[in-house]
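Engineer: Here's a sequence, model it:
(chains A and B)
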Amino acid sequence: DTGVSQDPRHKITKRGQNVTFRCDPISEHNRLYWYRQTLGQGPEFLTYFQNEAQLEKSRLLSDRFSAERPKGSFSTLEIQRTEQGDSAMYLCASSSYGSSGGVETQYFGPGTRLLVL
Amino acid sequence: DAKTTQPNSMESNEEEPVHLPCNHSTISGTDYIHWYRQLPSQGPEYVIHGLTSNVNNRMASLAIAEDRKSSTLILHRATLRDAAVYYCILRGGGTSGSRLTFGEGTQLTVNP
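Structural biologist: Numbers count the residues shown, from 1 in each chain, chains lettered A, B, ... in the order given. A predicted model of the protein is given here:
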């Protein structure tokens, strides 16, 4: 089963350091989403790509956050100058949009848990 | 996205049916009702979706009120593996809609 994979699964870093997470979507899925989830809350949307184009960014995505999907396959999410408030689970999801005309279903990866000390 | 209201928590016994309610009084005519669930330490998982008619799949059934202002996710025989947070989400259908807007969901506990 080649579902959505994320790497690393866990990351501990010190405040002020930069971190980068990777997401590999399901093969041939053209949409890729990033969400953030803090303890006890539902996931919150950050941004999404259709192929390599970043189509929407949430207000939650501050200037310290940047996401890329250079070849329309895997994606990276970088957080610069991490803060303790960035501690959360970062979830990636992918979907096949427009392929069959049906309702889009998002498939989530296991997430990357970030702890900023 | 229109707002949904769910109970914070529910409890069930193993092998009994579970009815998880969701209120969405401000639903628009084109909004689909989606349900996702999140097992401990995992990403959310799609369960089912519907527009107007009741829907069944291998995981669950979705019963939608005639006025579409509420819906119920039905697990016919709960197992311990069904213990999760269940999210009811409204989303524009067809070629519209992108992000999923999650609330806090319902934490389902299944007792052996």
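Engineer: Which residue, other than its chain neighbours, is closest to A:Phe74?
Structural biologist: Across the structure, with Cβ to Cβ, 6 or more residues apart in numbering or on different chains as the measure, the residue nearest A:Phe74 apart from its sequence neighbours is A:Asp24 (4.8 Å). Any C-beta I mention is one placed from the backbone N, CA and C, and that applies to glycine too.
Engineer: Bridged to A:Ala53, which residues?
Structural biologist: Each beta-bridge partner of A:Ala53 is listed here, defined by DSSP bridges: A:Gln50.
Engineer: Give me the most central residue, chain B.
Structural biologist: In chain B, the centroid-proximal residue (Cα atoms, centre = their mean) is B:Trp35; its distance is 3.4 Å.
Engineer: Give me the buried positions along the helix or strand bottoming out on mean pLDDT in chain A.
Structural biologist: Between all helices and strands in chain A, the lowest mean by mean pLDDT, DSSP states H and E belongs to strand A:53-57, at a mean of 93. By 16 or more other Cβ atoms under 10 Å in any protein chain shown, the buried positions in strand A:53-57 come out as A:Gln54.
Engineer: partners of the following helix or strand past it, with directions?
Structural biologist: On the C-terminal side of strand A:53-57, the nearest following helix or strand under DSSP states H and E is strand A:65-68. Strand A:65-68 pairs in its sheet with strand A:75-79 (antiparallel), by DSSP bridges.
Engineer: Could I get the CA-only coordinates of the partner strand as CSV?
Structural biologist: This file holds the C-alpha atoms of strand A:75-79, laid out as CSV (Å, rounded to 0.1, in the frame of the first residue of the first chain):
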residue,chain,number,x,y,z
SER,A,75,6.5,18.6,-1.1
THR,A,76,8.5,20.2,1.6
LEU,A,77,7.4,22.5,4.4
GLU,A,78,10.1,24.6,6.0
ILE,A,79,9.8,26.6,9.2
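Engineer: Would you mind listing what in chain A touches chain B?
Structural biologist: Near chain B, the residues belonging to chain A are A:4, A:31, A:33, A:35, A:40-45, A:48, A:55-56, A:58, A:91-93, A:98, A:101, A:103-111 when assessed by Cβ under 8 Å from any Cβ of the partner chain.
Engineer: ok so, going back, residues contacting the least confident helix or strand of chain A, please?
Structural biologist: Surrounding strand A:53-57, the residues in contact under the criterion Cβ atoms under 8 Å, 6 or more residues apart in numbering or on different chains are A:46-49, A:67-69, B:98-99.
Engineer: Dump that strand to PDB, keeping only the CA atoms.
Structural biologist: What follows is the C-alpha trace of strand A:53-57 in PDB, where atoms were taken according to Å, rounded to 0.1, in the frame of the first residue of the first chain:
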ATOM      1  CA  ALA A  53       1.300  25.600  -8.200                       C
ATOM      2  CA  GLN A  54       0.600  26.800  -4.700                       C
ATOM      3  CA  LEU A  55      -3.100  27.800  -5.000                       C
ATOM      4  CA  GLU A  56      -4.000  28.900  -1.500                       C
ATOM      5  CA  LYS A  57      -2.300  29.800   1.800                       C
END
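Engineer: tilt between it and strand A:75-79?
Structural biologist: Inter-element angle recorded for strand A:53-57 and strand A:75-79: 50 degrees (by axes from the mean of the first three to the mean of the last three Cα atoms, to 10 degrees).
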